[in-house]
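> attaching a predicted model along with its sequence, questions to come.
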Amino acid sequence: MTNHWVDIKNADIILIMGGNAAEAHPCGFKWVTEAKAHRGAKLIVVDPRFTRSASVADVYAPIRTGTDIVFLGGVIRHLLEKDQIQHEYVRNYTDLSFIVREDFSFEDGLFSGYNPEKRRYDKSSWDYERGEDGYVKTDPTLQHPRCVYQLMKQHYARYTPEMVERVCGTPQAKFLQICEMLASTAPANRVATILYALGWAQHSIGAQIIRTAAMMQLLLGNIGMPGGGINALRGHSNIQGLTDLGLMSNLLPGYLTLPNEAEQDLPQYLAARTLKPLRPNQMSYWQNYPKFFVSLMKAWWGKAATAENNWAYDYLPKLDKLYDLLQVVELMAQGKMNGYICQGFNVLAAAPNKAKVLEGLAKLKYLVVMDPLATETSEFWRNAGESNPVDPSKIQTEVFRLPTTCFAEEDGSLVNSGRWLQWHWKGAEPPGEARSDIEIMAELFLRIRERYRREGGTFPAPILDLWWPYANEANPTPEELAKEYSGKALVDLPDPKDPARIVRRAGEQLAGFAELRDDGSTACGCWIFSGSWGPTGNLMARRDNSDPTGIGQTLGWSWAWPANRRILYNRASADLQGRPFDPQRKLIYWNGKAWAGADVPDYKADEPPDTGMGPFIMNPEGVARFFARAGMAEGPFPEHYEPFETPLGYNPLHPKTPAATSNPAARVFARDLADMGKVEEFPHVATTYRLTEHFHYWTKNVRLNAIVQPEQFVEIGEALAKELGIANGERVKVSSKRGYIKAVALVTKRIRPLTIEGKTVHHVGIPIHWGFVGIAKPGFLANALTPSVGDGNIQTPEFKSFLVKVEKA
Amino acid sequence: MNGMNRRQFFKVSAAMLSGSSMAALGLAPQTALAEVRQYKLARMTETRNTCPYCSVGCGILMYGLGDGAKNAKATIVHIEGDADHPVNRGTLCPKGASLIDFIHSPNRLKQPQYRAPGSDKWQTISWDEALDRIAALMKADRDANFVEKTAEGKTVNRWLTTGMLAASASSNETAYLTHKIVRSLGMLAFDNQARV
Ligand code: SF4
């Protein structure tokens, strides 16, 4: 979330699309109710199903799954055509006036630089034009034919209300009503927020859907405003934290990135990430990258990371490609992986195409599962009848299952969707011999290190040198680890302006990332968390819930990254004079000497408002980008592409270009492509989701939840049920090209057929919570159905849009 | 102690008492004795935590029996929403309201277990056996398959044949340590549950 849960109460218009907060985030959704009750806010829900969120909406519109870019692109067109945009905001705080290179083009659904063999773009033309001074050229009048404003207007001119109705199945009148409601927030003192979740992310064009929404919010001047922003409602309690800490193939903590193999030396690596300003007097905060990076290397390798060895740069593995979950399952299925460790991650249920995952796990030499609960993954080798028809005697994988603590049995912090790091305390002992994940990882590491010490082996240095300063080596405490990622001084730190003065003593915790240095004198495991455990102690444990301004800013409750800032880009909530756009909801303002107000300013604290420094300080432009440059795989402006399993077989925006039917830049493995179904065989459009009574695949192990939602079901509309002769409560079989499930049919009025390009399209709803382990009634893992193709940028699998066939079981 | 409301009472009791019940010391607020429920909770320790399910991060209060005395294993008997929490303000959804049954699920794992190749059952093993065997397997695989240089001579120091998936509900501290260890081994097949 750019903003946070309580801040939703400040919104005038709330759009829930690509999510169902009332069902999946119930206690956060209460702030929608609050905004409706006390601000008179209006709620819009756009979803293929009439969801629990829709049931309390002021306006609900249906949409075909996977076509959100057409809908949102249509809103962008509407705002531009009617000129209902926040002019002062877009003129000063975005790249609308920037001029794009002459060789950039978009034709027949493809941008310039496409290579169909590699399914990849050469992105060199996706950039701005530079002047002689090295800075980007701009045209403040917005008349230049290649300025971002003109290019964007031209790009979305095709996204007419007629096109929206044809592709999305949303009636034009409904669509236009929603456009008007969103446009009502163009005035500076009105704000809309967007709440979305995996309903946007889990598409082969997921990241671009989200980008389109962010562009809409920028046009309306809603980013950085209280009650505004673009708010990803994360699915798991600490998946924000795990992402922040960089637990992904190509990341390091704090959104630093691992080197590619071409980056053989440190200066080259740093230069590519130390972004220089693209316009005069911009902050371009990534200029500090070397400080974050060197401090991380000191936290990991301590004394072994020196200026002479480039801060142990060679100890970091170098990437040739991304090894995300989908890639790893592919390698497993090819028999190229030997070992896999699943820490609280039920991969057999969670990854797409269960059959492929099963095949992969069965080819491993060893599998280690750490979990508080029994999971399907740990028992993948067990024959569970039709839902897991395997022969254990044919599976040679050694499996270890290690019992872990759960939340109640440990101290530590989690990051909620609003980026709050909240500390929690242990209240009970774990059952039996269960141990914490920290202890298990530490024990495992020490045993590996001991073997390298004793026996030697391949490249042992990064293991032997790993900085391990914990009082009990076999069980570091959460406090020690929190202090390590927050950061400390390694030597006495002199004041750069007055070297005689010491600002931090050696060993002292740092107050924040502004104190980090690139000379090896500070250690910090995650720069964006820096200051969470500061010189005054553990700020994540704070419990002051006072809200002095009444706009929901409880700065003394826990600690938010970065720097305890609650609303990102909040400088953009004030005008060029530093006055809040909305005097009723003052977030930050210029008091003549400094920035002050209800939040920690996302800006240089003493920079006067009118010096031309932009509010988007992480961007080298200083302003927000409509034109993504090389930042996205598919192109600088989002374009609609059909799901890989499309009910149409072509892209209505580019019916004559097969290359532009589905995401031309998505990585898709040959085997997975062969595993895609066609509409002739699988005529129904399926989408997966959660129910409020269950959490993923965990709560089928939990008695109360197993009681309230005991049995697997699928939702089908009355029209489809009638067509297939299926009665409510009957058992049905749902098949895709990859497998099938059997479940009870819930026949509902909440899913209506849509007319797409003149043809009737039925949606089928697949709740995901059942499997062959648990105390609820045994069921089928829903991912038996789902396709293995990821979003082109971050490889989120397309769980929200695929083809199935429904029939009586 | 007069005039203390229930919340203040519990704050005080959590801070002052780890062993005995306040009522037994004659310090209970007047109303407590009249209310069965308060009386019940007054014997317990209150611990603050957060719901481990979705990312709303609702605050919860866990009430535990067993007070840290010798031979007494603390166990949670009741969980409710934290009324002081700015987001959930005491409410919980059907998942958070059932957390007690997650802690005490019959499917909680209690011992390390091992499934041999080709077997159709678990056998219980000791932590030492399990960790030693896993460490040996990992080292053998790393030693055999670690890539120090590519064919073109580029230094890459990566290990691709063993991978890891990290949890979605583990703490930042667990995640941080996990990341530190995984990269020291040179692992790249590393991911979390952000997308699924
Ligand atoms: S109680 Fe419900 S809404 Fe709150 S964090 Fe838990 S799952 Fe989410």
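The structure has been received and is ready for your questions. Numbering: from 1, shown residues only, chains lettered A, B, ... in the order given.

> hey, C-alpha coordinates of stretch A:169-189 in CSV?
Output of stretch A:169-189 as CSV, limited to C-alpha atoms (Å, rounded to 0.1, in the frame of the first residue of the first chain):
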residue,chain,number,x,y,z
GLY,A,169,-18.7,-7.1,-21.2
THR,A,170,-19.3,-4.1,-19.0
PRO,A,171,-22.4,-2.1,-20.1
GLN,A,172,-21.4,1.3,-21.4
ALA,A,173,-23.8,3.1,-19.1
LYS,A,174,-22.3,1.5,-16.1
PHE,A,175,-18.8,2.1,-17.3
LEU,A,176,-19.5,5.8,-18.0
GLN,A,177,-21.1,6.2,-14.6
ILE,A,178,-18.0,4.9,-13.0
CYS,A,179,-15.8,7.2,-15.1
GLU,A,180,-17.8,10.1,-13.9
MET,A,181,-17.5,9.1,-10.2
LEU,A,182,-13.7,8.6,-10.6
ALA,A,183,-13.4,11.9,-12.5
SER,A,184,-15.2,13.7,-9.6
THR,A,185,-11.8,13.4,-7.7
ALA,A,186,-9.9,15.5,-10.2
PRO,A,187,-10.5,18.6,-8.2
ALA,A,188,-7.6,19.1,-5.7
ASN,A,189,-9.7,18.6,-2.6
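
> grab the nearest non-local neighbour of whichever residue of chain B sits closest to the ligand.
With C-beta to the nearest ligand atom as the measure, residue B:96 is the residue of chain B nearest to the ligand, at 2.3 Å. Yep, even glycine has a C-beta here, placed from its N, CA and C like the rest. Spatial nearest neighbour of residue B:96, chain neighbours left out: residue B:51 (4.4 Å); criterion: C-beta to C-beta, 6 or more residues apart in numbering or on different chains.

> how about the contacts made by the spatially most central residue of chain B?
The centroid of chain B falls nearest to residue B:170 when counting by C-alpha atoms, centre = their mean (7.1 Å). Residues near residue B:170 by C-beta atoms under 8 Å, 6 or more residues apart in numbering or on different chains: A:238, A:242, A:343-344, A:437, B:178.

> same deal with residue A:228?
A:2-3, A:10-11, A:191-193, A:217, A:222.

> could I get the phi/psi values of residue A:746?
phi -110, psi 110 (degrees, to the nearest 10).

> where does chain B have low pLDDT?
Counting by pLDDT under 70, chain B contains low-confidence residues at B:1-41, B:67-72.

> and with 50 instead?
Chain B contains residues with pLDDT under 50 at B:1-36.

> distance of the residue of chain B positioned farthest from its centre relative to chain A?
Distance from the centre of chain B peaks at residue B:152, with 46.2 Å (C-alpha atoms, centre = their mean). Using C-beta to the nearest C-beta, to the nearest Å, one obtains 9 Å as the distance from residue B:152 to chain A.

> break chain A down into its domains, please.
A:6-235+A:622-631, A:237-333+A:346-356+A:375-385+A:400-416+A:419-563, A:659-808 (automatic domain parsing).

> start and end of the shortest one, how far apart?
Read that as domain A:659-808. 36 Å (C-alpha to C-alpha, to the nearest Å).

> next: stretch B:50-58.
6 Å.

> alpha carbons of whichever strand or helix holds residue A:348, in CSV - could you do that?
Using DSSP states H and E, residue A:348 maps to helix A:347-350. What follows is helix A:347-350, C-alpha atoms only, in CSV (Å, rounded to 0.1, in the frame of the first residue of the first chain):
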residue,chain,number,x,y,z
VAL,A,347,4.2,-25.5,-2.9
LEU,A,348,2.3,-28.5,-4.1
ALA,A,349,-0.9,-26.5,-3.5
ALA,A,350,0.4,-23.0,-4.2
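
> stretch A:229-241 near chain B anywhere?
Yes - judged by C-beta under 8 Å from any C-beta of the partner chain, stretch A:229-241 comes into contact with chain B through A:233-241.

> and what of stretch A:365-372?
Yes - between stretch A:365-372 and chain B, judged by C-beta under 8 Å from any C-beta, the touching residues are A:365-366, A:368, A:370-372.

> quick one: which of those residues is nearest residue A:292?
residue A:370 (29.6 Å; C-beta to C-beta).

> what are the pairing partners of the helix or strand containing that closest one, and which direction each?
Assigned by DSSP H and E, residue A:370 falls within strand A:366-371. The sheet places strand A:366-371 alongside strand A:339-343 (parallel), strand A:398-403 (parallel), with pairing taken from DSSP bridges.

> state the mean pLDDT of the first one.
This predicted structure assigns strand A:339-343 an average pLDDT of 98.

> tell me, how many residues neighbour the residue of the stretch 551-700 of chain A found nearest the ligand?
Closest to the ligand within the stretch 551-700 of chain A is residue A:695: 6.3 Å, counting by C-beta to the nearest ligand atom. The local packing of residue A:695 (other C-beta atoms under 10 Å in any protein chain shown) involves 28 other residues.

> ok, now which ones touch it?
Per C-beta under 8 Å, 6+ apart, neighbours of residue A:695: A:705, A:769, B:53-54, B:95.

> switch the cut-off to 10 Å
Listed by C-beta atoms under 10 Å, 6 or more residues apart in numbering or on different chains, the contact set of residue A:695 reads A:24, A:235-237, A:702, A:705, A:769, B:51-54, B:93-96, B:98, B:102, B:169.

> would you confirm that it belongs to a strand?
No - assigned with DSSP: H, G, I helix; E, B strand; the rest coil, residue A:695 falls outside any strand and is coil.

> any idea how far the residue in chain A sticking out farthest from the centre is from chain B?
Taking C-alpha atoms, centre = their mean, the residue of chain A most remote from its mean C-alpha position is residue A:500, at 45.3 Å. To chain B, residue A:500 is 36 Å away according to C-beta to the nearest C-beta.

> mind listing what residue 125 touches?
Assuming you mean chain A. A:100-105, A:111-113, A:630, A:636.

> could you do chain B instead?
By C-beta under 10 Å, 6+ apart, the residues touching residue B:125 are A:400-401, B:111-114, B:131-133.
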